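Chemist: Turn this into a structure:
(one chain, ligands or ions: 2)
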Amino acid sequence: MSQRTKIKALLESGKTDIDVTVKGWVRTFRNNQFIALNDGSTNNTLQVIVDFENTDPALLKRITTGAAISATGKLVASLGKGQSVEVKATTIEILGDSDPEKYPLQPKKHSLEFLREIAHLRFRTNTFGAVFRVRNTLAFAVHQFFQERGFIYLHTPIITASDAEGAGETFHVTNFDIANPPKTETGEIDYKQDFFGRATNLTVSGQLEGELGAMGMSDIYTFGPTFRAENSNTTRHLAEFWMIEPEMAFYDAKDNADLAEALLKYVITYALDKNKDDIEFLTQRLLEEEKQKPQNERSEMTLIEKLQFCLANDFERLTYTEAIDILKDSTPNKKKKFQYLVEGWGTDLQSEHERYLVEKHFKKPVILTDYPKEIKSFYMRQNDDGKTVAAMDILFPGIGEIVGGSQREERLDRLEQRMDEIGIPKDELWWYLDTRRFGGCPHAGFGLGFERLVLFVTGMGNIRDVIPFPRFPKNAEF
Ligand code: ATP
Ligand code: MN
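Modeler: Numbers count the residues shown, from 1 in each chain. Ligands and ions are numbered 1, 2, ... in the order given. As a prediction, this is how the structure comes out:
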């Protein structure tokens, strides 16, 4: 294979009059002369000029939208507008033909829904190229943020035997012939004979294991796949998603919120810097998309403005109780515009409430703390009021909940008492409780849904469009 230069590097090199070889996929071919070539390294295409008078017509015919080609020639300053350099090709080689009649990606606008059906090809579009380059940058930035701070990247198991968290429906993992599983004498499925000798499932969260790591290594984080068989067909839920879960020994609730805010700002800053072109493209895309909406439903800020605004301001911090007071007094509540009216203290917030707080009331990211213990998990640290726990949810404009976390209950007696109250089997979680028996200490952590972060930074509207191959009810294609 001859040396090939990626288009991004060429466009940024500032060089001209050098010999280059470029490889990529033809976006368009105009006048038997101008190829717009893209190789996915950047949203920008490189113009390749074909010397059509000296090129075999049979070859010219094969330069079609979607074809993979290699072009060798001189990189020269471009006279045309829209590009600074172009390649005057001396040799064109077809690496892979693409029948223009059958190629599903025509050089025109396709709907996101249609592109989801051809997710195997959507990497070749501007929108998805940009989305997945931003996704890549965000993932890298997450690691860099934690690594700079001395956190240990810990791999928690994908297959677990505990759904103690009760975070959602789990996917079962079994080796049985499901049509004919072994039964016990009383007719139940006998998991003792299964692969692991017990019932197992795909993880819904690495938190409990993450806490074990933090109880010896101080600061850890996980970044891995998470599975929830929740049958929610929303634009915010996937059955398989990636979660970032840091756990920190000797952190209290405020330290936890500070870290989450710093992480979010760090990775957004990083992407704005690293993927400027992509985010500018996505900003334009969103403007175009919003033109379809009535004026009053369009965003007041463009995507880039939203991201910059998020960086420039402190997140608003308030308690659940304060939020309820604001919601009770809000116009949509009084005018009965909310689907779920906010009447009393104690119920969980619906996404319409979260969005009202973030998008209408504060108009910026919000950190809500100290939720009623009844609506939160058993491991959250109990506050002195006896009613609330040291939970925190971070709510983002257009997204709703992006982070869920808490200070963890480190006091063995309180933890056991809460587990008894809500019927969580202590014997199954003996290992978790051991960390409270031996050298327990204040600690905290949170889970950041990676796709929700990518949604926010790319301005896309549906979570299925920010993960390469989305998994959701009735869909596991590709
Ligand atoms: P929600 O109320 O939105 O369903 P949750 O309360 O179930 O969220 P947690 O269990 O706290 O969420 O999970 C931590 C984070 O993981 C959430 O803040 C969110 O960013 C992300 N998350 C949760 N469920 C999903 C899902 N099904 N698909 C994608 N991301 C998710
Ligand atoms: Mn959920």
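Chemist: Which residue ranges of the stretch 101-250 of the chain form strands?
Modeler: Remark: strands of the stretch 101-250 of the chain, listed N- to C-terminal, are 152-153, 159-160, 172-173, 200-202, 219-227, 240-249; assignment by DSSP state E, counting those that start in this stretch.
Chemist: Highest mean neighbour count out of the ones you listed?
Modeler: Burial among those, expressed as mean neighbours by mean count of other Cβ atoms under 10 Å, is greatest for strand 240-249, which shows a mean of 24. For glycine as for every other residue, the C-beta is placed from the backbone atoms N, C-alpha and C.
Chemist: so what secondary structure elements neighbour the following helix or strand past it?
Modeler: The helix or strand immediately downstream of strand 240-249 is helix 253-274, counting by DSSP states H and E. Counting contacts by 3 or more Cβ pairs under 8 Å, 6 or more residues apart in numbering; DSSP states H and E, the secondary-structure elements packed against helix 253-274 are helix 126-148, strand 240-249, helix 303-312, strand 366-372, strand 388-396, strand 400-407, strand 443-449, helix 450-458.
Chemist: Show me which positions of helix 253-274 end up buried.
Modeler: Neighbour counts over helix 253-274 (16 or more other Cβ atoms under 10 Å) mark 253, 256-257, 259-261, 263-268, 270-272, 274 as buried.
Chemist: One more: stretch 119-138?
Modeler: Neighbour-count burial for stretch 119-138, with 16+ other Cβ under 10 Å as criterion, is recorded at 119, 122, 124-135, 137-138.
Chemist: Next, format the helices and strands packed on helix 253-274 as TSV and append mean pLDDT and distance to residue 345.
Modeler: Output for the helices and strands packed on helix 253-274, formatted as TSV (pLDDT from 0 to 100; distance: least, Cβ to Cβ, whole Å):
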stretch	mean pLDDT	distance to residue 345
helix 126-148	98	36
strand 240-249	98	29
helix 303-312	96	29
strand 366-372	98	7
strand 388-396	98	10
strand 400-407	97	19
strand 443-449	98	24
helix 450-458	98	27
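Chemist: Now render those as JSON lines, adding distance to residue 78.
Modeler: As requested, the helices and strands packed on helix 253-274 are arranged in JSON lines below (distance: least, Cβ to Cβ, whole Å):
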{"stretch": "helix 126-148", "distance to residue 78": "20"}
{"stretch": "strand 240-249", "distance to residue 78": "40"}
{"stretch": "helix 303-312", "distance to residue 78": "27"}
{"stretch": "strand 366-372", "distance to residue 78": "48"}
{"stretch": "strand 388-396", "distance to residue 78": "41"}
{"stretch": "strand 400-407", "distance to residue 78": "42"}
{"stretch": "strand 443-449", "distance to residue 78": "43"}
{"stretch": "helix 450-458", "distance to residue 78": "29"}
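Chemist: now for these, which one comes closest to residue 88?
Modeler: Ranking the helices and strands packed on helix 253-274 by distance to residue 88, with Cβ to Cβ as the measure, places helix 126-148 first at 24.9 Å.
Chemist: That closest one near ligand 1 anywhere?
Modeler: No. Applying Cβ under 6 Å from any ligand atom, one finds helix 126-148 out of contact with ligand 1, separated by at least 13.3 Å.
Chemist: Ligand 1 contacts on the protein?
Modeler: The chain comes close to ligand 1 at residues 167, 228, 230, 236-238, 241, 243, 401-404, 447, 449, 451-452, as judged by Cβ under 6 Å from any ligand atom.
Chemist: 8 Å - rerun?
Modeler: Proximity of the chain to ligand 1 is confined to 165, 167-168, 204-205, 226, 228, 230, 232, 236-239, 241, 243, 351, 393-394, 400-405, 446-453, 463 under the rule Cβ under 8 Å from any ligand atom.
Chemist: pLDDT value on residue 81, please?
Modeler: The predicted local distance difference test score for residue 81 is 77.
Chemist: give me the number of residues near it?
Modeler: 5 (other Cβ atoms under 10 Å).
Chemist: Check the secondary structure at it for me.
Modeler: Under the three-state scheme (DSSP: H, G, I helix; E, B strand; the rest coil), the conformation of residue 81 reads as coil.
Chemist: Contacts only, for it.
Modeler: Under the criterion of Cβ atoms under 8 Å, 6 or more residues apart in numbering, the contact list for residue 81 is empty.
Chemist: And residue 360, by the same measure?
Modeler: With contacts taken as Cβ under 8 Å, 6+ apart, residue 360 has the following neighbours: residue 330.
Chemist: same thing with residue 268?
Modeler: 307, 310-311, 456-457.
Chemist: please redo it, this time with the cut-off set to 10 Å
Modeler: For residue 268, the contacting residues are 138, 141, 279, 306-308, 310-311, 453, 456-457, taking Cβ atoms under 10 Å, 6 or more residues apart in numbering as the criterion.
Chemist: Repeat that for residue 232.
Modeler: Taking Cβ under 10 Å, 6+ apart, we find residue 232 in contact with 168-169, 238-239, 472-473.
Chemist: can you check residue 396 too?
Modeler: Under the criterion of Cβ under 10 Å, 6+ apart, the contact list for residue 396 reads 264, 306, 310, 315, 354-355, 358-359, 364-366, 402-403, 452-453, 455-456.
Chemist: Listing request: residues of the protein with sub-threshold pLDDT.
Modeler: Filtered on pLDDT under 70, the chain yields the residue ranges 1-2, 163-168.
Chemist: Are any of the contacts of residue 232 buried, and if so which?
Modeler: 168-169, 238-239, 472.
Chemist: Between those residues, which sits nearest residue 90?
Modeler: residue 238 (47.6 Å).
Chemist: check contacts around that closest one.
Modeler: Residue 238 touches 226-228, 230, 232, 449, 451-452, 463-464, 466-467, 470-472, counting by Cβ under 10 Å, 6+ apart.
Chemist: Repeat that for residue 155.
Modeler: Residues near residue 155 by Cβ under 10 Å, 6+ apart: 206, 209, 213, 222-224.
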